[in-house]
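J.: whatever this is, show me its structure:
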Amino acid sequence: MLNFIDADSHVYEVEETWNYLPKKYQSRRPIAITVPPEKAPYMGVDNSFWLVDGKAVQWTWGNGTVQVGCPLTSEHAKMKAYGTGHQSLMDVPMRLKAMDNAGIDLQVIYPTLFLISLSEDDDFESHLQISYNHWVAERCAESNRLRWVGVLPMRSPDLAVKEIERVKKAGAVGLVTFGTVGSKMLHAPEYDKVWAAAAAHDLPVAVHVGWSDPGTRNMCNEHMSSLNISFTLPLLMGFFSFTGGGILDRHPKLKAIFLEGGSGWMPWFYERIDHYYPVAHFFRKSFGLPLMPSKNPESFKDRIYVTCEADEQLLPQVIEYLGEDHVLAAEDMPHLEAREGSGNELLGRSDITEAQKRKITVENPARFYNLDLSKIPLRNPV
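T.: Residues are numbered from 1 along each chain as shown. Presented below is the predicted three-dimensional model:
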């Protein structure tokens with residue numbers, strides 16, 4: 001019997017991730033830089049960064065603080081259990097061992113480095129993401145206990161449409177974007193072709209937390225505000241785009257999940273958007289504009305999903321509000337938050353039913369990602 005399908009865990013990118021860049025961009029491959037700890041004590045244990053177009057993708061202090069945790073030459077990477085091969089999926093058996101110990105049968109893999117924009121060059125950024133998609137498909141092909149989602153190159157919508165068709169054929173179980181595309185919201189008209197393609201290929205869309213909005217990122221100058229504001233708030237922006245911004249209204253076959261922000265915010269924000277719906281309609285009507293969306297945002301709850309944290313106090317209320325078929329669980333392996341074992345923590349709760357636990361940990365992720373449960377292998381005994 002399956003115990004846990006992990007709806008959102010990660011891989012750390014390595015030099016091989018960029019092997020699929022087109023020839024014109026090979027000379028601009030990201031470079032892993034490591035600084036001796038004694039030379040840069042302010043970097044702490046994250047004493048490495050990717051250099052992309054001459055700029056550091058790691059900003060440990062000051063306006064724009066981010067902490068992406070890779071490349072894997074840092075002291076931080078050496079501190080984590082199971083080694084860097086597990087973190088990068090370059091040693092898949094080691095990742096499987098970590099999954100066994102956490103009680104995970106199957107894991108859906110998401111990127112790490114693309115939590116932040118890597119380049120101001122739209123086409124180059126897009127091809128970095130496409131190269132990642134090729135690479136992660138290659139890594140996950142080593143075990144049928146690993147699945148992957150394709151990164152959407154949203155800054156090049158035409159390329160994104162082509163990439164959706166390609167990753168579907170390559171075996172992706174979903175698509176991932178972040179809450180905004182730079183300073184643009186996801187419901188901007190130029191992205192409608194992307195959502196139409198996702199729906200046409202029956203690929204669900206995941207919106208993940210990340211530093212996608214430059215405005216909120218630049219407001220934050222240390223880690224506490226960075227993680228709680230610039231990292232998290234774009235997720236709510238993306239949620240608005242799919243509900244109040246009309247993406248799900250215009251694409252009735254599309255479904256979306258919101259990852260790594262907990263679940264307790266969703267009832268509040270859903271009701272807040274619904275609260276302002278008639279107000280926005282009043283003004284739009286006075287301008288001679290149609291409703292947007294055509295129905296109140298709560299009408300789209302049947303195609304909205306969210307991952308919860310194992311220890312969320314409001315989880316029973318979220319289940320009641322959103323429905324027990326729409327909540328999933330995630331381990332976030334191998335990131336810093338020490339969530340390893342969260343599946344077991346969730347299964348040990350006394351305030352949700354055994355049937356709800358089964359749905360959250362197995363049935364809901366299988367349905368959201370269109371997984372055939374009969375083909376999912378049982379994990380090895382610990």
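J.: now whatever helix or strand D123 lives in: how far from the chain's centre is it?
T.: For D123, the host element (DSSP states H and E) is helix 122-140. Offset of helix 122-140 from its chain centre (Cα atoms, centre = their mean, to the nearest Å): 15 Å.
J.: what strands line up against the helix or strand following that helix, and which way round?
T.: Following helix 122-140 in sequence order, the next helix or strand is strand 146-148 (DSSP H and E). Note on strand 146-148: by DSSP bridges, its sheet partners are strand 106-110 (parallel).
J.: mind listing what's buried along the partner strand?
T.: Neighbour counts over strand 106-110 (16 or more other Cβ atoms under 10 Å) mark L106, Q107, V108, I109, Y110 as buried. Yep, even glycine has a C-beta here, placed from its N, CA and C like the rest.
J.: and of those, the nearest to L315?
T.: V108 (20.5 Å; Cβ to Cβ).
J.: pretty sure the closest one sits against D8.
T.: Yes - here V108 reaches D8: they are 6.4 Å apart, a contact under Cβ atoms under 8 Å.
J.: ok, the residue nearest to the spatial centre of the chain - contacts?
T.: In the chain, the residue lying closest to the centroid (Cα atoms, centre = their mean) is H208, at 3.2 Å. With contacts defined as Cβ atoms under 8 Å, 6 or more residues apart in numbering, H208 is in contact with D8, Y110, L115, V176, T177, F178, L235, L259, E260.
J.: just the ones in strands from those residues, please.
T.: D8, Y110, V176, T177, F178, L259 (DSSP state E).
J.: and the residues you listed, which are buried?
T.: Among the ones in strands among the contacts of H208, the ones that count as buried by 16+ other Cβ under 10 Å are D8, Y110, V176, T177, F178, L259.
J.: so what's the first one closest to, chain neighbours aside?
T.: Put plainly, it is D8. Distances taken as Cβ to Cβ, 6 or more residues apart in numbering place A330 nearest to D8, at 3.6 Å, with adjacent residues excluded.
J.: show me where the stretch 51-200 of the chain has its helices.
T.: 75-79, 84-88, 92-102, 122-140, 157-170, 192-200 (DSSP state H, counting those that start in this stretch).
J.: indicate which one of those helices is closest to W18.
T.: Comparing the helices of the stretch 51-200 of the chain by Cβ to Cβ, helix 122-140 comes nearest, at 5.4 Å.
J.: counting contacts, what elements does the closest one pack onto?
T.: The contact analysis (3 or more Cβ pairs under 8 Å, 6 or more residues apart in numbering; DSSP states H and E) places helix 122-140 against strand 106-110, strand 146-148, strand 150-151, helix 157-170.
J.: and of the ones you listed, who's closest to G343?
T.: Using Cβ to Cβ, the nearest of the helices and strands packed on helix 122-140 to G343 is strand 106-110, at 10.8 Å.
J.: neighbouring contacts of the closest one?
T.: Against strand 106-110 from outside (Cβ under 8 Å, 6+ apart): 2, 5-11, 89, 95, 99, 136, 139-140, 145-149, 173-174, 176, 206, 208, 259, 331, 333, 365, 369, 371, 376-377.
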